[in-house]
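*Asks:* Here is my input; please provide its structure:
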Amino acid sequence: MISLVRPAHAQIVMSLGWTSITAPMGGVVSNTVSLASTDGNPHTITLSLSGWGGLWWNYFSPNPVSVPPIGVVSSTLTIPIPGPGDICPGQSSPGPYYFQLTVQAMEGHHVRASQTLTVNILPVSYPLTVSVEPSKSSYIVGEMVTIAISSNQPAEYYLKVRKPDGTVWASAHGFLPTATFTKKATEPLGTYTVELLAYFCGVAQGSASFVVHPDTYDVTISLAGLPADVMTALMVDGNKAADMKGGDVRVLSYPIGTSHTFQVDQYVSGGTGYRYYCAANSWTAGAEGSNTFNYVTQVYLDVSTDPTGVTEVTPSGWYALGSSASVSSVPEDLEGSAGVKYRFGQWQVDGTGRAGNGFVVVMDAPHKVVAKYDTLYKLTVVSDYGNPTGDGYYKSGDTATFSVDSPVGIGIQQVFVEWRGDFTGKEPKGSITMDNPKTVTAVWTTSYFQLYIIVGAIAAVAVIAALLFWRRGRAGPPALKPPPPIPPSEVPETVEEPPAPSPDTETATKPAVSIALRCTNCGHGLEEGQVFCPECGQKQGD
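*Replies:* This is a model prediction of the structure:
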């Protein structure tokens, strides 16, 4: 506390807690003001603070102050220090800044006492920094150039934009912390330089540049998902502009105000069973921009039957790589053309058998799925006699065996002669390879040989019986005496057999037959290779 000061003319003496102080911008300081009466009378004093271009915002507590006749009374002075925004804009010096203030004690219109205060104001602790940045690195003629300006604290700025030749293209002045400069790009073409100068308790500078291009816009086209060894055509407005491989990027320029449609092949073939699909294969642009055509890999599922086309199957088609495909079941038995049937065997996936009928295939690669059927061919055995066997269906390539019984009947018999149709043979039993529908027909002949034998046997028995009966009738009843001799006239005459015909006569009446071509049982003539006699039905011996 400084001592009280009492001028000779004064009736009030005033003292301050301090007369000089250092404080940061935006801070608050306080001081103690002490008052005492020098004439032994009480006073009512109003305190005020002035300086630095006018009255500062401040307050005293209490104010006014009642000063007693004897003794000292105090009031507290609170002073908010101006912030950077009040002092620093436009200031090229970093500080500190000195200001002098005056405290006055007023009684009515009379100044009873006054005291000078010195305030040393320090700037904020961080320095001024600025940023200047065009919205793009390049512009086309006619496009709006936008430059963003900012600072870390309020400041006054001056901006200049210079043409490629160094002359000033544009300038601006204003206040920060943020500001924006805009102007439509014009010729000349080339690189423009931006210069920024800002003041705030010091100086900060910034710079940037941008390029002005002709009045065209750029379109960037790229591909994704297409291998580097696979190519697609890039079409612009229906005309081929380029061939692009997977990973290629093309930049194309067009006049401002025009619009163009860019298109690539929707389907691109790859290796066997592979293709690449672009769902959105067309894009239209009328300003600068970019587009990526995205391809996805598809693999082929080939579904068929073996033999081909015997039934409907799940349609073959393309699937996204890694997806799943359902293969529906097929009928177990199928009717084909006349005499042909098909019986389901198994599914094969890429040549390997798979159990079940109907399943799911993971399309991690192209797959070939085949429903394998066995082909069955019908053997038709046609015969009017002999209980034919072997008629029915057989797998392709199997050997079918068939037969009939021969001879058939008693007396008048049916005797097997030969097979005709898809098989020829003279034995009642045969076999055939089933590589197609087959028909075999048994040929029969009627034989009376057994009937002849029966009739002959009956006739022989009758003759013998008649002879016996006749002889008994001629002899008469038995007698004890010997029978009388037979008169010569009653002795039966011996009938001599006619002489054997000469060879010439026999040849003339009946054709000669080789012993090898006669039945070994009845002597009937046989054809070459005949195994069963058509007359007696007996099998020939060796």
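
*Asks:* what bridges to the most centrally placed residue in the chain?
*Replies:* Nearest residue to the geometric centre of the chain (C-alpha atoms, centre = their mean): Ala320, 2.6 Å. Under DSSP bridges, the beta-bridge partners of Ala320 are Gln298.

*Asks:* wouldn't it be in contact with Gln298 here?
*Replies:* Yes. Contact between Ala320 and Gln298 holds when scored by C-beta atoms under 8 Å: they sit 5.9 Å apart. For every residue, glycine as well, the C-beta is placed using N, CA and C.

*Asks:* domain parsing for this protein?
*Replies:* The chain breaks down into these domains under automatic domain parsing: 12-122, 130-213, 216-294, 299-376, 383-455+511-542.

*Asks:* which residues of the stretch 1-150 of the chain score low on pLDDT?
*Replies:* Residue ranges of the stretch 1-150 of the chain with pLDDT under 70: 1-10, 52-57, 125.

*Asks:* related to what we said a few turns ago, residues in contact with the residue nearest to the centre of the chain?
*Replies:* Taking C-beta atoms under 8 Å, 6 or more residues apart in numbering, we find Ala320 in contact with Val296, Thr297, Gln298, Met363.

*Asks:* in this protein, which spans are helices?
*Replies:* Listed in chain order, the helices of the chain (DSSP state H) span 84-87, 449-475, 503-509.

*Asks:* Now render those as TSV, adding mean neighbour count.
*Replies:* Shown next, in TSV, are those (neighbours: other C-beta atoms under 10 Å):
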stretch	mean neighbour count
helix 84-87	17
helix 449-475	11
helix 503-509	10
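
*Asks:* Export these as a markdown table, with columns for distance to His367.
*Replies:* Listed next are the helices of the chain as a markdown table, based on distance: least, C-beta to C-beta, whole Å:
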| stretch | distance to His367 |
| --- | --- |
| helix 84-87 | 75 |
| helix 449-475 | 70 |
| helix 503-509 | 83 |
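
*Asks:* quick revisit: lowest average confidence across the domains of the chain, which one?
*Replies:* Of all these, domain 383-455+511-542 carries the lowest average pLDDT, namely a mean of 84.

*Asks:* from the chain's centre, how far out does that domain sit?
*Replies:* Centroid displacement of domain 383-455+511-542 relative to its chain, using C-alpha atoms, centre = their mean, to the nearest Å, is 69 Å.

*Asks:* which residues does Thr399 bridge with?
*Replies:* Going by DSSP bridges, Thr399 forms beta bridges with Thr433.

*Asks:* which residues does it contact?
*Replies:* Counting by C-beta under 8 Å, 6+ apart, Thr399 has contacts Ser431, Ile432, Thr433, Met434.

*Asks:* Neighbours of the nearest residue to the first one once chain neighbours are set aside, how many?
*Replies:* Meaning Ser431. Take Ser431 and drop its neighbours on the chain: the residue closest to it by C-beta to C-beta, 6 or more residues apart in numbering is Thr401, 4.7 Å away. For Thr401, the neighbour count with other C-beta atoms under 10 Å is 12.

*Asks:* wait, isn't Thr401 in contact with Gly390?
*Replies:* Yes. Thr401 is in contact with Gly390 according to C-beta under 8 Å; the separation is 5.7 Å.

*Asks:* circling back to that earlier point, nearest to Gln115, out of the contacts of Thr399: which one, please.
*Replies:* Met434 (135.0 Å; C-beta to C-beta).

*Asks:* How about Leu517, nearest residue that isn't a chain neighbour?
*Replies:* Closest residue in space to Leu517, ignoring its immediate chain neighbours: Leu526 at 5.1 Å, by C-beta to C-beta, 6+ apart.

*Asks:* Next, count neighbours for Val132.
*Replies:* 21.

*Asks:* My error: substitute Val443 in the last question.
*Replies:* Neighbour count for Val443, taken as other C-beta under 10 Å: 13.

*Asks:* Ok, Gly336 next?
*Replies:* 15.

*Asks:* what do you get for Val33?
*Replies:* Count around Val33 with other C-beta under 10 Å applied: 23.

*Asks:* Longest strand in the chain, by number of residues?
*Replies:* Looking across the chain with DSSP state E, the single longest strand is strand 144-162.

*Asks:* Buried residues in that strand, which are they?
*Replies:* For strand 144-162, the buried set under the neighbour-count rule, 16 or more other C-beta atoms under 10 Å, comprises 145, 147, 149-157, 159-162.

*Asks:* could I get that strand in PDB with only the CA atoms?
*Replies:* Output of strand 144-162 as PDB, limited to C-alpha atoms (Å, rounded to 0.1, in the frame of the first residue of the first chain):
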ATOM      1  CA  MET A 144     -15.500 -20.700 -60.200                       C
ATOM      2  CA  VAL A 145     -12.200 -20.400 -58.300                       C
ATOM      3  CA  THR A 146     -12.800 -20.700 -54.500                       C
ATOM      4  CA  ILE A 147     -10.100 -19.900 -52.000                       C
ATOM      5  CA  ALA A 148     -10.600 -20.600 -48.300                       C
ATOM      6  CA  ILE A 149      -8.700 -18.400 -45.800                       C
ATOM      7  CA  SER A 150      -8.500 -19.000 -42.100                       C
ATOM      8  CA  SER A 151      -6.500 -18.200 -39.000                       C
ATOM      9  CA  ASN A 152      -6.100 -19.400 -35.500                       C
ATOM     10  CA  GLN A 153      -7.300 -16.000 -34.000                       C
ATOM     11  CA  PRO A 154      -9.000 -12.900 -35.200                       C
ATOM     12  CA  ALA A 155      -6.900 -11.000 -37.700                       C
ATOM     13  CA  GLU A 156      -7.000  -8.500 -40.600                       C
ATOM     14  CA  TYR A 157      -5.800  -9.800 -43.900                       C
ATOM     15  CA  TYR A 158      -4.800  -8.700 -47.400                       C
ATOM     16  CA  LEU A 159      -5.100 -11.200 -50.300                       C
ATOM     17  CA  LYS A 160      -3.500 -11.000 -53.800                       C
ATOM     18  CA  VAL A 161      -3.800 -13.500 -56.600                       C
ATOM     19  CA  ARG A 162      -1.200 -13.200 -59.300                       C
END
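
*Asks:* and it, which strands flank it?
*Replies:* Per DSSP bridges, strand 144-162 is paired in its sheet with strand 130-134 (antiparallel), strand 168-184 (antiparallel), strand 190-199 (antiparallel).

*Asks:* can you list contacts of the second one?
*Replies:* Under the criterion C-beta under 8 Å, 6+ apart, residues 89, 130, 142-163, 192, 198, 200 lie in contact with strand 168-184.

*Asks:* Tell me if I'm right that Thr520 and Phe532 touch.
*Replies:* No. Contact criterion C-beta under 8 Å: Thr520 and Phe532 do not qualify, at 11.5 Å.
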